[in-house]
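Participant: for reference, the sequence and a predicted model appear below.
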Amino acid sequence: MRTNLFKSLLLGLALSLIGCASSTPGALNLSQDYYDYIQPTFTQYLEVTREWLAENRAYISQEHEKELEMNMPFELFPEHETNKAVLLVHGLGDSPYSFSDIAPSLQQQGFYVQTLLLPGHGSKPSDLMMPTYSDWQVIADHYANLLKQDYDEVWLGGFSTGGNLVTIHAIEKQNINGLLLFSPSFQSKTPYLEKLAPLASLFFDGYTTQEDNFARYNSAPLNGAIAYTASAEKLRELLEDTRVEVPTLIVLSEADSIIDPNAVHHYYQHQFTHPSNQLLWYGESNLEQGAVTASSMKINALRISTASHMSSLFASTNTYYGQSATYRMCMNSMDSDAVAYCKQGGEVWWSAWGYEEEGKVHARLTWNPYYPALEKAMRDVTRAQ
């Protein structure tokens with residue numbers, strides 16, 4: 001009985017961190033089971049990544065090229081020559097497609113943009129049993145440092161776990177002009193379970209389910225949660241003694257089912273000190289103050305009940321996750337009838353994972369009704385020097 005309860009609790013942590021075993025010893029890029037993602041140029045990195053993904057992805061449809069493109073790291077060049085660049089790092093279980101709207105927005109604002117594919121991602125969920133936190137930090141540090149060699153102004157952006165990695169780099173390596181953090185995972189909703197993840201890996205490997213999303217994993221290997229935990233613990237330790245003094249934009253959902261938005265807000269208030277900082281808060285709490293802008297997510301006209309962990313990233317026009325897109329994240333609760341109704345094309349409302357309201361079926365909100373305001377906030381913060 002106790003064992004089943006213990007496994008259920010850890011399963012909840014793994015699921016939340018993906019909606020978010022033992023690790024391969026040593027650097028994963030040196031392993032014969034993986035590929036060398038530490039390359040001397042970003043062009044070479046793209047080449048070796050495409051070759052490895054093409055051979056190793058477990059395709060879930062006949063649209064192999066589309067799946068490959070949605071998981072590939074990429075670069076975007078602005079219309080005119082520029083001296084500023086930004087590196088964007090996705091979260092646990094996700095892919096560079098997380099920035100399919102953010103990256104073009106920054107490109108239009110004059111940035112050269114690069115995105116990364118974190119080790120263990122883009123191919124198949126079982127590959128998340130290989131990397132450690134160190135593998136993720138090494139790749140983020142490496143390509144950030146390469147950008148610093150070629151551009152006078154370098155910004156870092158991160159979603160969820162990626163927000164941890166780029167903030168750690170900003171603190172440890174410095175020489176960064178600013179940060180753009182989307183639902184950064186400084187602390188999960190269940191920090192007490194974070195510490196149990198390594199022990200739980202002795203008993204089971206995580207959660208496995210059918211994969212139907214081209215752009216991210218549905219399954220949740222527990223080793224990914226362990227690597228996330230290491231990043232969060234390191235960042236919290238660094239923030240105890242360090243203030244982040246570069247311009248920073250943080251974007252949070254009050255109803256986030258994965259991270260603790262109040263904890264992130266607390267760090268923002270006390271450890272992020274630049275006068276041009278902004279925090280965008282999607283929710284109902286009255287946080288409208290100075291550098292915090294709150295926007296209600298109870299929008300009946302759009303059938304929106306709450307924001308979600310991922311919804312800030314995507315414009316309503318996004319072809320895969322947008323308002324009129326055909327893909328729905330129907331597994332938004334443990335209610336099998338609601339999931340079936342959603343998959344059959346029934347009219348749904350939109351929310352964070354796990355939100356329920358009598359008389360309504362909810363799917364995951366995967367787009368941002370305030371995306372133009374987010375673009376403006378990115379422009380305002382990145383102009384602050």
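Facilitator: Thanks, I have it.

Participant: can you dump the C-alpha atoms of stretch 180-193 in CSV for me?
Facilitator: Only the C-alpha atoms of stretch 180-193 are listed here, as CSV (Å, rounded to 0.1, in the frame of the first residue of the first chain):
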residue,chain,number,x,y,z
LEU,A,180,13.7,36.4,-21.3
LEU,A,181,12.2,33.8,-19.0
PHE,A,182,8.9,32.1,-19.9
SER,A,183,7.4,30.0,-17.0
PRO,A,184,10.8,29.5,-15.5
SER,A,185,11.0,26.4,-13.3
PHE,A,186,12.8,27.9,-10.3
GLN,A,187,10.6,25.8,-8.1
SER,A,188,8.0,23.1,-8.8
LYS,A,189,4.6,22.9,-7.3
THR,A,190,5.9,19.9,-5.3
PRO,A,191,9.4,20.7,-4.1
TYR,A,192,9.2,18.1,-1.4
LEU,A,193,8.8,15.4,-4.1
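
Participant: next, the buried residues of it.
Facilitator: Residues of stretch 180-193 classed as buried under the neighbour-count rule (16 or more other Cβ atoms under 10 Å) are 180-190, 193. For every residue, glycine as well, the C-beta is placed using N, CA and C.

Participant: stretch 82-91 too?
Facilitator: 82, 84-91.

Participant: just those residues: which are in helices?
Facilitator: In this view, those have no member that belongs to helices under DSSP state H.

Participant: Pro96: what's it in contact with?
Facilitator: In this structure, Pro96 makes contact with 71-74, 88, 90, 115-117, judged by Cβ atoms under 8 Å, 6 or more residues apart in numbering.

Participant: what about the stretch 1-150 of the chain, any weak spots by pLDDT?
Facilitator: Judged against pLDDT under 70, the low-scoring parts of the stretch 1-150 of the chain cover residues 1-25.

Participant: could you redo the last one with a cut-off of 50?
Facilitator: Per-residue confidence of the stretch 1-150 of the chain (counting by pLDDT under 50) places the weak regions at 1-24.

Participant: can you give me the strands in it?
Facilitator: Chain-ordered strands for the stretch 1-150 of the chain, with DSSP state E, counting those that start in this stretch as the definition, fall at 75-76, 84-89, 112-115.

Participant: the stretch 151-300 of the chain now?
Facilitator: Using DSSP E, counting those that start in this stretch, the strands assigned to the stretch 151-300 of the chain run over residues 153-159, 178-182, 206-207, 220-221, 248-253, 278-282, 292-295.

Participant: quick revisit: which one of the contacts of Pro96 is nearest Pro372?
Facilitator: Leu88 (19.4 Å; Cβ to Cβ).

Participant: which residues touch the closest one?
Facilitator: Contacts were defined as Cβ under 8 Å, 6+ apart; by that measure Leu88 touches 96, 98-99, 102-103, 113-116, 156-159, 162, 180.

Participant: out of those, who's nearest Cys342?
Facilitator: Closest to Cys342 out of these is Ser98 (22.3 Å), distances taken as Cβ to Cβ.

Participant: name the nearest residue to that closest one, ignoring sequence neighbours.
Facilitator: His90 (4.4 Å; Cβ to Cβ, 6 or more residues apart in numbering).

Participant: could you give the number of residues near Ala384?
Facilitator: By other Cβ atoms under 10 Å, 16 other residues sit near Ala384.

Participant: correct me, but it touches Ala291?
Facilitator: No: taking contacts as Cβ atoms under 8 Å, Ala384 lies outside contact range of Ala291: 11.1 Å.

Participant: before we move on, the earlier item: most neighbours among the contacts of Pro96, please name it.
Facilitator: The most neighbours of any of these, using other Cβ under 10 Å, belong to His90, which has 31 neighbours.

Participant: dihedrals phi and psi, that residue?
Facilitator: Note on His90: backbone dihedrals following degrees, to the nearest 10 are phi -80, psi -180.

Participant: my guess is it contacts Phe99. True?
Facilitator: Yes: His90 is within contact range of Phe99, at 7.1 Å (criterion: Cβ under 8 Å).

Participant: list residues touching both of the two?
Facilitator: Here His90 and Phe99 share the contacting residues 115, 159, scored by Cβ under 8 Å, 6+ apart.

Participant: returning to what we had before: I'd like the contacts of Pro96 laid out as JSON lines, including distance to Ser308.
Facilitator: Shown next, in JSON lines, are the contacts of Pro96 (distance: Cβ to Cβ, whole Å):
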{"residue": "Asn71", "distance to Ser308": "21"}
{"residue": "Met72", "distance to Ser308": "25"}
{"residue": "Pro73", "distance to Ser308": "24"}
{"residue": "Phe74", "distance to Ser308": "24"}
{"residue": "Leu88", "distance to Ser308": "19"}
{"residue": "His90", "distance to Ser308": "16"}
{"residue": "Thr115", "distance to Ser308": "21"}
{"residue": "Leu116", "distance to Ser308": "23"}
{"residue": "Leu117", "distance to Ser308": "23"}
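
Participant: before we move on, back to that, make JSON lines out of the strands of the stretch 1-150 of the chain and add distance to Pro369.
Facilitator: Compiled in JSON lines, those are given as follows (distance: least, Cβ to Cβ, whole Å):
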{"stretch": "strand 75-76", "distance to Pro369": "25"}
{"stretch": "strand 84-89", "distance to Pro369": "22"}
{"stretch": "strand 112-115", "distance to Pro369": "24"}
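
Participant: all good on my end, thank you.
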